[in-house]
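In: after the sequence you'll find the predicted model.
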Amino acid sequence: MHFIRDDPNEDFYSLVIARNGHLILETYFNGHDGDTLHDIRSATKSLTSALVGIAIEEGLIQGVDSNVMAAFDAYEPFTNDGEQKREITVEHLLSMASGIDANVDDPSTPGYEDKMWGAKDWIRFAVDLPMARKPGEEWSYASVNTFLLGVFIEELSGMTLEAYAGQRLFEPIGITDYQWAETPNERTVAQGNLSVKARDMLKLGQLYLNDGRWGNAQIVPESWIRVSVEPRYPVYWDDYDSYGYGWYTHTVQKEGKEYSYYFASGNGGNKIYVLPDEQLVVAIQSAAYNTSYGQKRSLDVFVRLLDALTD
């Protein structure tokens, strides 16, 4: 890993790898260690997707076709209300196809995330946004979708999303030390800003590789794991192929071999890679937020690992 240590950008922090269910590499850089909590940004969205699956299994959410806006009747009347907004379902939010006028690549859109961060009431901000298109029509990556999913669970459960996650997911797989950002009115930031240890990122990937099982317990329904990582919408970014329910898919070629995998991805190069055929999980923590190199560097690290597997 000399190329990481020689990197003049001192913002690559953790590389942790498990194969066949066993930890095979754990290494830290630039002052971080196994006890350091790190903000994994939008890789959190994949965890929120898992919570949706748990909520459906226990009957809290009736299914992915459940209407979302009906849970926010306390906020009616909505600005920019209409038939399209009333058609938004859990599935539309999970797959970034709600039709809400928001796009991470276009700061001019009304639902651009920085504008939400400036709002006093994020729920009011989200439910009042205009629609750009009919739900299900097109993929448009925007954090407001996942935020609404988190609040949907909060409204139905009567708990913060952080408390719900603690009971249903974190505690069962041994995640005990974490921090999760809140909005000004104490709603969990479901779309990101969860700070965890590198090993705990790895646990989420291993949980998915194990079809939702942890030890003898089924934490996330096996059926949910499978539908979450199915390709649903093409992703137009480099090194991404498609998007499922909070997870991306991609395929790379190395030495004549094809590696297909799914992954969680967060700003700065934070990644959880899961390769079912190789029984491999890779977690990377990086703080190269809002840079041109953070995501590509993490992919480079990952591809070098695939080279080592091939060798």
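Out: Great, that's in hand. Numbers count the residues shown, from 1 in each chain.
In: in the stretch 101-250 of the chain, which spans are helices?
Out: Secondary structure of the stretch 101-250 of the chain (DSSP state H, counting those that start in this stretch): helices at 113-117, 122-127, 143-157, 161-165, 198-209, 222-228.
In: kindly state which of those is positioned closest to residue 37.
Out: Among these, helix 198-209 comes nearest to residue 37, with 9.2 Å by CB to CB. Just so you know, the C-beta spots here come from the backbone N, C-alpha and C atoms, and that holds for glycine as well.
In: still on that earlier bit, tell me which of the helices of the stretch 101-250 of the chain sits nearest to residue 88.
Out: Ranking those by proximity to residue 88 (CB to CB) places helix 143-157 first, at 8.1 Å.
In: residue contacts, the residue nearest to residue 174 when sequence neighbours are not counted?
Out: With sequence-adjacent residues excluded and distances taken as CB to CB, 6 or more residues apart in numbering, residue 174 is closest to residue 203, at 6.9 Å. Counting by CB atoms under 8 Å, 6 or more residues apart in numbering, residue 203 touches 173-175.
In: just residue 15 next, same as before
Out: Taking CB under 8 Å, 6+ apart, we find residue 15 in contact with 1, 4, 25-29, 198, 282-284, 301.
In: among those residues, name the ones in strands.
Out: Here DSSP state E is the test, and the contacts of residue 15 give 25-28, 282-284 as lying in strands.
In: hmm, which two among those are most spread apart?
Out: Maximum distance among the ones in strands among the contacts of residue 15 (CB to CB): 14.7 Å, for 28 and 282.
In: which of these two has more neighbours?
Out: Ranked by neighbour count (other CB atoms under 10 Å), residue 28 and residue 282 place residue 282 first, with 25 against 17.
In: contacting residues for the closest residue to that one other than its chain neighbours?
Out: Excluding its sequence neighbours, the residue lying closest to residue 282 (CB to CB, 6+ apart) is residue 273, at 4.2 Å. Counting by CB under 8 Å, 6+ apart, residue 273 touches 205, 261, 263, 280-284, 302.
In: are any of these buried, and which?
Out: Neighbour counting by 16 or more other CB atoms under 10 Å classes 205, 261, 263, 280-284, 302 among the contacts of residue 273 as buried.
In: in CSV, list those along with pLDDT and distance to residue 243.
Out: Formatted as CSV, those follow (pLDDT from 0 to 100; distance: CB to CB, whole Å):
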residue, pLDDT, distance to residue 243
205, 98, 17
261, 98, 14
263, 98, 11
280, 98, 21
281, 98, 20
282, 98, 20
283, 98, 20
284, 98, 20
302, 97, 19
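In: quick check: residue 14 touching residue 38?
Out: Yes - counting by CB atoms under 8 Å, residue 14 touches residue 38, with 6.9 Å between them.
In: the residue nearest to residue 102 when sequence neighbours are not counted: neighbour count?
Out: Excluding its sequence neighbours, the residue lying closest to residue 102 (CB to CB, 6+ apart) is residue 111, at 2.5 Å. Applying other CB under 10 Å, we find 25 residues neighbouring residue 111.
In: next one: residue 110
Out: Using other CB under 10 Å, residue 110 has 17 other residues around it.
In: repeat for residue 237
Out: Residue 237 has 12 neighbouring residues, counting by other CB under 10 Å.
In: now the strands: where do they sit in the chain?
Out: With DSSP E as the criterion, the chain has strands at 12-19, 22-28, 38-39, 179-180, 194-196, 213-214, 217-218, 233-234, 242-243, 248-254, 257-266, 270-275, 280-286.
In: distance-wise, check the nearest residue to residue 150 once chain neighbours are set aside relative to residue 307.
Out: Leaving aside its sequence neighbours, residue 150 sits nearest to residue 190 (CB to CB, 6+ apart; 2.4 Å). Distance, residue 190 to residue 307, using CB to CB, to the nearest Å: 36 Å.
In: more neighbours: which of these two?
Out: Each of residue 190 and residue 307 has its neighbours counted (other CB under 10 Å); residue 190 has more, 31 against 10.
In: sorry, back to before: now render the strands of the chain as a markdown table, adding distance to residue 163.
Out: A markdown table is the format used below for the strands of the chain (distance: least, CB to CB, whole Å):
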| stretch | distance to residue 163 |
| --- | --- |
| strand 12-19 | 27 |
| strand 22-28 | 29 |
| strand 38-39 | 20 |
| strand 179-180 | 10 |
| strand 194-196 | 14 |
| strand 213-214 | 20 |
| strand 217-218 | 20 |
| strand 233-234 | 31 |
| strand 242-243 | 28 |
| strand 248-254 | 28 |
| strand 257-266 | 22 |
| strand 270-275 | 23 |
| strand 280-286 | 24 |
